[in-house]
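# Sharing a model prediction with you, sequence too.
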Amino acid sequence: MREARFDARGSMIRWTEAQGEESRREAVPGRSETGEAVPGGPVTAEAVPGRSETGEAVPGGPVTAEAGPGERPATVFVHGLGAASTVYHAHIAARPELAGRRILFVDLPGHGISDRPADFGYSLEDHADALAAALDEAGVRGGVIAGHSMGGAVAIVLAHRRPDLVSRLVVTEGNLDPFPPPKAGSSGIASYTEEEFVRGDGFARVLERVGPAWAATMRLADPLALHRTAAHLVLGTEPVMREMFRESRVERVYLQGELSGELPGADGLRAAGVAVVTVPGAGHNVMFDNPDAFTRAVAGTGAAGAPV
């Protein structure tokens, strides 16, 4: 497990990593300023061999996570509202299509293993900046950012604010527009006041409505963080997420589950260069319903814009 500060009080965003046998960056401890090993710390120049300008190995040379010629960029999974990255994506990371890649499972503030400060705003911009702090600490540049639902919206904001961190966006049923239809998700949570949700019975009612699978991870999220995040999802961003997504310069894929119905505004996204893919037999949780298609999309081995 690794961590990075995301606010002035020292709150930590945390993530775990999986690395294939062919990955150049190895899971080794970093070193403190005194030279002592720090488990889970950043890789230093002494940790693994780097490469010279000609590409030759240089013992003791620095190693970064930015993909070089012939290497694959790091893949970063970002979960949805009330979820956790490993729960939704660990089975995908084990797929042979992703062998040899450095893979990060990031839990956003208020979720999973990350801290949940009460004075944090939990806007999409706040989450994106916290995610950027994690990627900076991890040494990731030009990564493949795979965001699900709310995590897709955060990934879009990240690419808008820190394009150096992103080479490719894979957004799975991500929030593109404000004021989504009323249901048990963000709009249902935001229908309560913060007081009703956090200190009343709002959280318990939502857990009952979302069903046991989603509740299994949602009950681990901080109620205050959950409500504030949902409220910001409903309000959206400025510019709105769809506009950021259309105007982004990175390679972009949008996955829409067939069972979820047609994606509103799909033609406009395609016109902007987004590969909009309808995933057969899948609903909102595409990674569970059709893991083959989801893996191909993340690995970049599917035909852009075609069913996968």
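Thanks, I have it.

# rest of the way, CA atoms for contacts and neighbours
Will do.

# Now do the helices in the stretch 151-300 of the chain.
Assignment of helices within the stretch 151-300 of the chain using DSSP state H, counting those that start in this stretch yields the ranges 186-190, 194-198, 202-210, 212-218, 223-235, 241-247, 266-271, 286-289, 291-299.

# go on, the stretch 1-150 of the chain?
Secondary structure of the stretch 1-150 of the chain (DSSP H, counting those that start in this stretch): helices located at 85-93, 124-138, 150-161.

# Looking at those, which one is packed in the most?
Greatest average neighbour count among these goes to helix 150-161 (a mean of 27), per mean count of other CA atoms under 10 Å.

# Quick one: residues in contact with that helix.
The contact list for helix 150-161, computed with CA atoms under 8 Å, 6 or more residues apart in numbering, reads 78-81, 124-125, 127-129, 131-132, 145-147, 165-166, 169-176, 233, 241, 244-245, 248, 250.

# Put together JSON lines for the helices of the stretch 151-300 of the chain, with mean neighbour count and distance to A8 on each row.
Supplementary listing: the helices of the stretch 151-300 of the chain in JSON lines, determined by neighbours: other CA atoms under 10 Å; distance: least, CA to CA, whole Å:
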{"stretch": "helix 186-190", "mean neighbour count": "23", "distance to A8": "27"}
{"stretch": "helix 194-198", "mean neighbour count": "17", "distance to A8": "24"}
{"stretch": "helix 202-210", "mean neighbour count": "17", "distance to A8": "28"}
{"stretch": "helix 212-218", "mean neighbour count": "16", "distance to A8": "26"}
{"stretch": "helix 223-235", "mean neighbour count": "24", "distance to A8": "17"}
{"stretch": "helix 241-247", "mean neighbour count": "20", "distance to A8": "27"}
{"stretch": "helix 266-271", "mean neighbour count": "15", "distance to A8": "37"}
{"stretch": "helix 286-289", "mean neighbour count": "19", "distance to A8": "35"}
{"stretch": "helix 291-299", "mean neighbour count": "20", "distance to A8": "34"}
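
# The ones you listed into CSV, with extra columns for distance to R141?
As requested, the helices of the stretch 151-300 of the chain are exported to CSV (distance: least, CA to CA, whole Å):
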stretch, distance to R141
helix 186-190, 31
helix 194-198, 37
helix 202-210, 36
helix 212-218, 29
helix 223-235, 26
helix 241-247, 19
helix 266-271, 25
helix 286-289, 25
helix 291-299, 17
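
# want to try TSV for those helices, with mean pLDDT and distance to D119 as columns?
What follows is the helices of the stretch 151-300 of the chain, written out as TSV (pLDDT from 0 to 100; distance: least, CA to CA, whole Å):
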stretch	mean pLDDT	distance to D119
helix 186-190	94	18
helix 194-198	98	13
helix 202-210	95	19
helix 212-218	96	20
helix 223-235	97	10
helix 241-247	98	25
helix 266-271	98	36
helix 286-289	98	33
helix 291-299	97	35
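
# Which among the ones you listed is found nearest to M1?
Each of those was checked against M1 via CA to CA, and the shortest separation belongs to helix 212-218, namely 18.6 Å.

# shaky segments in this protein?
For the chain, applying pLDDT under 70 flags the ranges 20-71, 184, 302-308.

# So which residue is dead centre in it?
Compute the mean C-alpha point of the chain, and by CA atoms, centre = their mean the closest residue is V78, 1.8 Å away.

# Skipping adjacent residues, who's closest to D289 in space?
The shortest distance from D289 to any residue other than its chain neighbours is 4.9 Å, reached at A282 (CA to CA, 6 or more residues apart in numbering).

# if we can go back for a sec, among the helices of the stretch 151-300 of the chain, which is nearest R5?
Taking CA to CA as the criterion, R5 comes closest to helix 223-235 out of the helices of the stretch 151-300 of the chain, the separation being 17.0 Å.

# The residue nearest to D289: what's it in contact with?
A282 sits in contact with 257-260, 289-290, where contact means CA under 8 Å, 6+ apart.

# what about the closest residue to the residue nearest to the centre of the chain other than its chain neighbours, neighbour count?
Nearest in space to V78, with sequence neighbours left out and distances taken as CA to CA, 6+ apart, is G147 at 4.6 Å. G147 has 25 neighbours, counted by other CA atoms under 10 Å.
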